[in-house]
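Visitor: The following comprises the amino acid sequence and a computationally predicted model.
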Amino acid sequence: MNYRHHFHAGNFADVMKHVLLVRLVSAMQRKDKGFLYLDTHAGRGSYDLGDASRGDTLERAPEWPDGVGRLWNHMPELEITRDYLKIVRDYDAERGNTEATPRFYPGSPQIVGRMMREQDRMLLSERQTDECDELDIAMGRQPRCSVQARDGFGSLRATLPPPEKRALVLIDPPFESPDEFKAIAKALKDGLRRLPRGVFAIWYPITQRARVNGFFREIQGVDLPPTVAVELTIAGEDVEIKMRGCGLLIVNPPWQFEEEVASDLNELKERLAQAPGGSSHFDWLVPEQ
Ligand SMILES: C[S@@+](CC[C@H](N)C(=O)[O-])C[C@H]1O[C@@H](n2cnc3c(N)ncnc32)[C@H](O)[C@@H]1O
């Protein structure tokens, strides 16, 4: 496997995923009862954006300037994404950055780690051992956090249902394998059998629309509870751009999640557009009752 998330850290897709993740965690925390956060594909937890332009062999254009870079200095007027921005800006400052541009970007484990309450717990799986070693270092002092160097789908099967009976599961694979959508559908089926009311958030890229449609057909074979696909595109279909957008499929979304995040998505659509034709929308695969 060649995938290295540090080339992509802080890009538009990370921003969209992490803004929604902050919303999901806040929604889980409306109840006092603790929950398990399971990050099946956790990455290294912390990224130095200075490394994003150094490829394995060649220089490459960093992606964060068109992602978190576009929001960085607009915190006062960005009412909606403020919770997310506060987390990433505080993290960057605590790591010692004093420049006007971002340098240190937290991955999903750090973002959720910073929101955890005493009654919450997290379990992080990362299959690449060197990335997992970095993750261990990044999360070293985090209480109630366990890091596992293993396949994320395997840890989903091993962990659900958790004793808390409440879980938020982030499934965020690299999509390097052509079978990824199949593996996700299988894991989701398993996860829902083990924890029917668990909240599952699955990130996916929008490259060729047909592949995503195939994924949805595959997912429809699962007996789904309320499920919504939240999508953001940064350019129209006719624009030549490798990844035109991304989505987060949310199974068992918090009540009225669409109303809650609609303005986040609008704001992101305006700030992150790279060409005409970008959009944001919600498709309910199974509507709320
Ligand atoms: C998109 S990155 C994760 C980013 C992270 N969730 C975040 O938002 O900060 C995907 C990660 O999954 C890891 N990975 C790939 N296959 C895996 C598997 N089967 N189980 C667990 N991790 C895997 C990759 O090494 C990579 O670090």
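Guide: On my side now, so go ahead. Residues are numbered from 1 along each chain as shown.
Visitor: Close to the ligand: what parts of the stretch 151-289 of the chain are there?
Guide: Within the stretch 151-289 of the chain, the residues that sit near the ligand (CB under 6 Å from any ligand atom) are 151-152, 172-174. All C-beta spots, glycine's among them, are computed from the backbone N, C-alpha and C.
Visitor: While we're on the residue in the chain that the ligand sits nearest to, how confident is the model there?
Guide: Of all residues in the chain, residue 107 sits closest to the ligand, at 2.8 Å by CB to the nearest ligand atom. Looking at residue 107, its pLDDT is 98.
Visitor: and residue 282, how many residues sit next to it?
Guide: 17 (other CB atoms under 10 Å).
Visitor: tell me, how many neighbours does the closest residue to it other than its chain neighbours end up with?
Guide: Take residue 282 and drop its neighbours on the chain: the residue closest to it by CB to CB, 6 or more residues apart in numbering is residue 258, 5.0 Å away. The local packing of residue 258 (other CB under 10 Å) involves 17 other residues.
Visitor: swap in the one 10 residues further on?
Guide: Residues lying near residue 268 (other CB under 10 Å) number 26.
Visitor: what's the pLDDT at it?
Guide: Looking at residue 268, its pLDDT is 94.
Visitor: which ones are touching it?
Guide: 12, 15-16, 19, 81, 232, 280 (CB atoms under 8 Å, 6 or more residues apart in numbering).
Visitor: run the last query once more with 7 Å
Guide: Residues near residue 268 by CB atoms under 7 Å, 6 or more residues apart in numbering: 15-16, 19, 232, 280.
Visitor: So which of those residues is the closest to residue 97?
Guide: Closest to residue 97 out of the contacts of residue 268 is residue 15 (17.7 Å), distances taken as CB to CB.
Visitor: Was I right to think the closest one contacts residue 68?
Guide: Yes: with contact defined as CB atoms under 7 Å, residue 15 reaches residue 68; the gap is 5.6 Å.
Visitor: Find residues that contact each of the two.
Guide: Common neighbours of residue 15 and residue 68 (CB under 7 Å, 6+ apart) do not exist.
Visitor: Farthest-apart pair in the residues of the stretch 151-289 of the chain next to the ligand, please.
Guide: Maximum distance among those (CB to CB): 13.8 Å, for 151 and 172.
Visitor: neighbour-wise, which of the two wins?
Guide: Neighbours per residue (other CB under 10 Å) separate residue 151 from residue 172, with residue 172 holding more: 23 against 16.
Visitor: Go through the contacts of residue 268 and flag which are in strands.
Guide: 232, 280 (DSSP state E).
Visitor: Could you export the contacts of residue 268 to CSV, including columns for neighbour count and pLDDT?
Guide: Compiled in CSV, the contacts of residue 268 are given as follows (neighbours: other CB atoms under 10 Å; pLDDT from 0 to 100):
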residue, neighbour count, pLDDT
15, 27, 97
16, 26, 97
19, 23, 95
232, 28, 97
280, 21, 95
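Visitor: residues near residue 124, how many?
Guide: Neighbour count for residue 124, taken as other CB under 10 Å: 31.
Visitor: For it, pull up the helix or strand it's in.
Guide: strand 121-125 (DSSP states H and E).
Visitor: After that strand, heading C-terminal, what element do we hit next?
Guide: On the C-terminal side of strand 121-125, the nearest following helix or strand under DSSP H and E is helix 129-138.
Visitor: Would you mark the buried spots in that next one?
Guide: 131-132, 134-136, 138 (16 or more other CB atoms under 10 Å).
Visitor: would TSV of the residues of the stretch 151-289 of the chain next to the ligand with pLDDT and secondary structure be doable?
Guide: Converted to TSV, those look like this (pLDDT from 0 to 100; DSSP: H, G, I helix; E, B strand; the rest coil):
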residue	pLDDT	secondary structure
151	97	coil
152	97	helix
172	98	coil
173	96	coil
174	94	coil
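Visitor: Am I right that residue 12 is in contact with residue 273?
Guide: No: taking CB under 7 Å as the definition, residue 12 is not a contact partner of residue 273, at 9.2 Å.
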